[in-house]
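*Asks:* sequence first, predicted coordinates after that:
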Amino acid sequence: MVSRAFCIPGIVFLFAAFVLSFLTSISLPYLPALDIARTQYGNGIAPPSGTDTNAIKELRYGVWSYCEYAASDGHRVCAPEGHGYTVRVQDPSNNNVIAINSSWTRGLAVHPVATVVTFVALLLSFSTHVTITLIASIVSFLAALITLIAFAIDIALYAWVHHEMNRLSGTHNTNTGAGFWLTFVSLILLLLAGCTVCFGRRRERMSGSSYGNSYPMTTNKRRFWPFNRN
């Protein structure tokens, strides 16, 4: 019972990591607030080609799409969702086009993969079998590894967007979005879950071995003298 109670925090960590990873995987255009990166334009800028004709004040990059916000009324328009999208922004001063190609956004599809593996680890963590608990710990670390890859892709996307938008004239600011930080928190929770489930299994194993090796002690009384004194 003690070892099982020790595994309960691991289940809680896995559940929280799954919820955060699931929300991040949905992302734009369905959850506009959970973007990976965003750029605000102080005076507005020409929108990506083929979306709208009004100037935009903000661009948000999600897992499946990007959204633009109009400078006049803040109206949101999202591009059709798809795996690997391209964003193009035109510089108002010299008409140069800045492009964030699909090679930088295609890797964001790793997020739902991490969500699926996290869900498998969550299901395995409910088992009371020692071997399945060990597998749950291994799958948790695997989910953490995939989430780390997804987070590295998020960092690369943010760094590239920041670099490319600095080529634009005028006032602009590129920041990380909520989905970026949800991925980071999910990574930390998965690492904690893997360690907690693993330690719980270790305590259960040590507890079982301590009970199995508890034998009654036998004492052999020997005479001090090797012969009887009569």
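*Replies:* That came in fine, so what should we check first?

*Asks:* give me the below-cutoff pLDDT ranges for this protein.
*Replies:* Applying pLDDT under 70 to the chain picks out residues 1-6, 43-44, 46-53, 197-230.

*Asks:* paired strands for the longest strand belonging to it, with orientation please.
*Replies:* Criterion DSSP state E: the longest strand present in the chain is strand 37-45. Using DSSP bridges, the strands paired with strand 37-45 are strand 56-61 (antiparallel), strand 172-176 (antiparallel).

*Asks:* tell me the buried residues in stretch 124-139?
*Replies:* Residues of stretch 124-139 classed as buried: 124-125, 133-137, 139 (neighbour count, 16 or more other Cβ atoms under 10 Å). Placement of C-beta: from N, CA and C, glycine included.

*Asks:* among those residues, which one sits closest to G82?
*Replies:* For these, the minimum distance to G82 (Cβ to Cβ) is 29.6 Å, reached by V139.

*Asks:* for that closest one, which non-adjacent residue is closest in space?
*Replies:* Closest residue to V139 apart from its sequence neighbours, by Cβ to Cβ, 6 or more residues apart in numbering: A121 at 4.0 Å.

*Asks:* can you tell me how far T174 sits from R38?
*Replies:* Look at T174 and R38: by Cβ to Cβ, to the nearest Å, they are 7 Å apart.

*Asks:* more neighbours, these two?
*Replies:* A count of neighbours by other Cβ atoms under 10 Å puts R38 above the other of T174 and R38, at 22 against 19.

*Asks:* test my guess that L168 contacts I98.
*Replies:* Yes: under the criterion of Cβ atoms under 8 Å, L168 makes contact with I98 at 6.2 Å.

*Asks:* spatially central residue in the protein, please.
*Replies:* T183 (3.3 Å; Cα atoms, centre = their mean).

*Asks:* re earlier: quick one, which of the strands paired with strand 37-45 gets closest to A17.
*Replies:* With Cβ to Cβ, the closest approach to A17 among those belongs to strand 172-176: 19.1 Å.

*Asks:* would you mark the buried spots in the closest one?
*Replies:* For strand 172-176, the neighbour count (16+ other Cβ under 10 Å) marks 172, 174, 176 as buried.

*Asks:* quick check: the first one touching G42?
*Replies:* Same thing as H172. Yes: shown here, H172 and G42 form a contact pair, counting by Cβ under 8 Å, at 6.7 Å.

*Asks:* ok, back up a step: residues contacting the residue nearest to V139?
*Replies:* Going by Cβ atoms under 8 Å, 6 or more residues apart in numbering, A121 touches 14, 136, 139-140, 142-143, 190, 193.

*Asks:* go again using 7 Å as the cut-off
*Replies:* By Cβ atoms under 7 Å, 6 or more residues apart in numbering, the contact set of A121 is 14, 136, 139-140, 143.

*Asks:* for A17, same thing?
*Replies:* Residues near A17 by Cβ under 7 Å, 6+ apart: 118, 186, 189-190, 193.

*Asks:* including distance to H129 and neighbour count, could those go into a markdown table?
*Replies:* Rendered in a markdown table, the data for the contacts of A17 read as follows (distance: Cβ to Cβ, whole Å; neighbours: other Cβ atoms under 10 Å):
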| residue | distance to H129 | neighbour count |
| --- | --- | --- |
| T118 | 20 | 29 |
| S186 | 26 | 29 |
| L189 | 23 | 26 |
| L190 | 21 | 31 |
| A193 | 18 | 32 |
